[in-house]
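Asks: Fold the following.
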Amino acid sequence: MKLELVVVGKTTQKWIMTGFDDYVGRLAHYLPCTVREVPAAGAMVPQKAMEKEGKAILEKIGARDWVVLLDERGDEWTSVQLADFLSKRMNQGVGNLVFVTGGAFGVSPEVRERANQVLSASRFTFTHQMIRVIIAEQLYRAMTIIKNESYHHP
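Replies: Residues are numbered from 1 along each chain as shown. Purely as a prediction, here's the structure:
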C-alpha cells in the first residue's frame, strides 16, 4: 500500500516544514509516502475558495484510491484505532490510501462525498498547515503500533 497526503497550499512556517518532513521521512521506512500540494485559492469568498480547491483536490485522487478526509466533524479515533484502520486497509489490498486536508475554509461538498472515511484529528481546530504535522506523526505512530515497536506508549 502507498500513502498519499493531498494538502492545500504551501507550508510557510519553517518549524512546520521541519516536523512534517521528519515524519514523512520516518513513514517512508514502512510505506511509500508522497505529498501532493494543491494551490490555495487565495483571497476570495470562502465558498468559491472551497469550490476551486475542491476541484483541484479531486483531480489528484484516482478512481480506485481509498480516501480519508480530515475534518473537524469526522470520527474521532485513538492512535490504536488508526493503526487498526491502516492494518485493515493493507490486508484488504488497498493500493493507494489518500489523506486529504482542506484549506483554511475546509473542503467542498464534492470532496466530502468522495471520501470513504471522514476523520477528525481532534475537537480542537488546527490551522491547515499544522494538521499536516499532526497527521504525519499519527500515521508514523500507527505504523509503529502495527509493527509493535516502542514509539507508542499506551
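
Asks: Longest helix in the protein, please.
Replies: helix 130-146 (DSSP state H).

Asks: Can you tell me what sits against that helix?
Replies: Outside of helix 130-146, the residues within contact range by CB atoms under 8 Å, 6 or more residues apart in numbering are 3, 5, 7, 11, 16, 19-20, 23-24, 26-27, 29-31, 33, 70, 79-80, 82-83, 85-87, 99, 101, 121-122, 126, 150-152. Placement of C-beta: from N, CA and C, glycine included.

Asks: ok, now which ones touch the residue positioned nearest the centre of the chain?
Replies: By CA atoms, centre = their mean, the chain has its centre lying nearest to residue 99, at 3.2 Å. Shown in contact with residue 99 (CB under 8 Å, 6+ apart): 3, 4, 5, 6, 68, 70, 135, 139.

Asks: if you set the cut-off to 7 Å instead, what comes out?
Replies: Taking CB atoms under 7 Å, 6 or more residues apart in numbering, we find residue 99 in contact with 5, 68, 70, 135.
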